[in-house]
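*Asks:* Just the structure for this:
(one chain, ligands or ions: 1)
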Amino acid sequence: MNILDGVKNISKIVRQYNDLELNQQIIDLTQQALDLINENVRLTQENEELKKANDLESRIIRHKDFYITLRDDEQEIHYCTTCWGKDHKLIQLFDTDRCVECERKWREANR
Ligand SMILES: [Zn+2]
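*Replies:* A predicted model of the protein is given here:
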């Protein structure tokens, strides 16, 4: 039985007593349980993102030519160092070694 099922079961029992104060306590308890569940979901997602970023960080190889590659990447794709450093995003650099993401942000900031 999870926490929400437990609160629902207690709620059914409490309703039989028709006690307003007890009912309000169950409503408050239900809200607290929902808040905890939502917080748990948020923290689980955040933890997954941190694990992914940490895993990627350990694979990063920095190059003097201002691009990065990933260890064990046979294609040795070049990624933008700025986007990785700022947002932990891997933005692939193309033939020109220009980053489309950085260029877009620069244009938006200078409108
Ligand atoms: Zn970039």
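*Asks:* Mind jotting down where the helices sit in the protein?
*Replies:* 3-15, 20-59, 81-87, 100-109 (DSSP state H).
*Asks:* and among those, the most buried is which?
*Replies:* When neighbours are counted by mean count of other C-beta atoms under 10 Å, the highest per-stretch mean among these falls to helix 81-87, a mean of 16. For glycine as for every other residue, the C-beta is placed from the backbone atoms N, C-alpha and C.
*Asks:* any bit of that helix sitting next to the ion?
*Replies:* Yes. Contact of helix 81-87 with the ion (C-beta under 5 Å from the ion) involves 82-83.
*Asks:* how's this structure carved up into domains?
*Replies:* For the chain, whose domains are defined here by automatic domain parsing, the residue ranges read 3-53, 63-109.
*Asks:* among these, which gets the worst mean confidence?
*Replies:* Ranked on mean pLDDT, the bottom entry among these is domain 63-109, at a mean of 85.
*Asks:* Mind telling me which residue is nearest the centre of this protein?
*Replies:* Centroid check for the chain by C-alpha atoms, centre = their mean gives Glu46 as the closest residue, at 3.8 Å.
*Asks:* near the ion, which residues of this protein show up?
*Replies:* Applying the criterion C-beta under 5 Å from the ion, the portion of the chain that neighbours the ion consists of 80, 82-83, 91, 99, 101-102.
*Asks:* could you check the distance from Lys89 over to Cys99?
*Replies:* Counting by C-beta to C-beta, to the nearest Å, the gap from Lys89 to Cys99 is 10 Å.
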